[in-house]
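>>> after the sequence you'll find the predicted model.
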Amino acid sequence: MKDLKAYSNDEITQELNNLDGWDFNQESLEISKTFTFKGYYKTIAFVNSIAWQAQKHIHHPDLIVSFGKCKVSLTTHDVNGLSYKDFELAHIIESLYF
């Protein structure tokens, strides 16, 4: 298991280079992305797939869900910043997007 520590700004920048469309908010110390869908059902299916993965990895993002959109925000509260858990789950979420 990897050491749970807060990433530096350089590490965050490096990780973000491997993720398309994710933004870093320095004030809230989180990364986020809004995913769009054609219809409510597809949005909810995506949310449910995130929920399953979040439970499996014991790392739970904040989700804002509306018709055809889901904003995903990730941070690691245990380190008061971003850690490998956030970027690992972000990559998994990207693989779930259809």
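That came through fine.

>>> with adjacent residues omitted, what lies nearest to residue 81?
Leaving aside its chain neighbours, residue 81 sits nearest to residue 6 (3.5 Å; criterion: C-beta to C-beta, 6 or more residues apart in numbering). Every residue, glycine included, has its C-beta placed from N, CA and C.

>>> what's around the one you found, how many residues?
A total of 15 residues lie near residue 6 under the criterion other C-beta atoms under 10 Å.

>>> got it, and residue 89?
The burial count for residue 89: 22, using other C-beta under 10 Å.

>>> and if you look at the one 5 residues further on?
Using other C-beta under 10 Å, residue 94 is surrounded by 16 other residues.

>>> ditto for residue 76
Using other C-beta under 10 Å, residue 76 has 20 other residues around it.

>>> that one pairs with what?
Bridge pairing for residue 76 (DSSP bridges) gives the partners residue 81.

>>> got any ranges where the chain has weak pLDDT?
1 (pLDDT under 70).

>>> identify each buried residue in the helix ranked longest in it, please.
With DSSP state H setting the assignment, residue counts place helix 40-57 as the longest helix in the chain. Within helix 40-57, the residues scored as buried using 16 or more other C-beta atoms under 10 Å are 43, 46, 47, 49, 50, 53, 54.

>>> the last one contacts residue 60, doesn't it?
The reference is to residue 54. Yes: Residue 54 lies in contact with residue 60 (C-beta atoms under 8 Å); the separation is 4.6 Å.

>>> if I look at the residue sitting furthest away from the middle of the chain, how far off is residue 45?
Most distant residue from the mean C-alpha position of the chain: residue 39, 21.3 Å away (C-alpha atoms, centre = their mean). Residue 39 is 10 Å from residue 45, where distance means C-beta to C-beta, to the nearest Å.

>>> how about residue 11?
Distance, residue 11 to residue 45, using C-beta to C-beta: 33 Å.

>>> again, but for residue 95
Distance of residue 95 to residue 45, computed by C-beta to C-beta: 14 Å.

>>> next one: residue 78
Remark: distance between residue 78 and residue 45 (C-beta to C-beta) = 30 Å.
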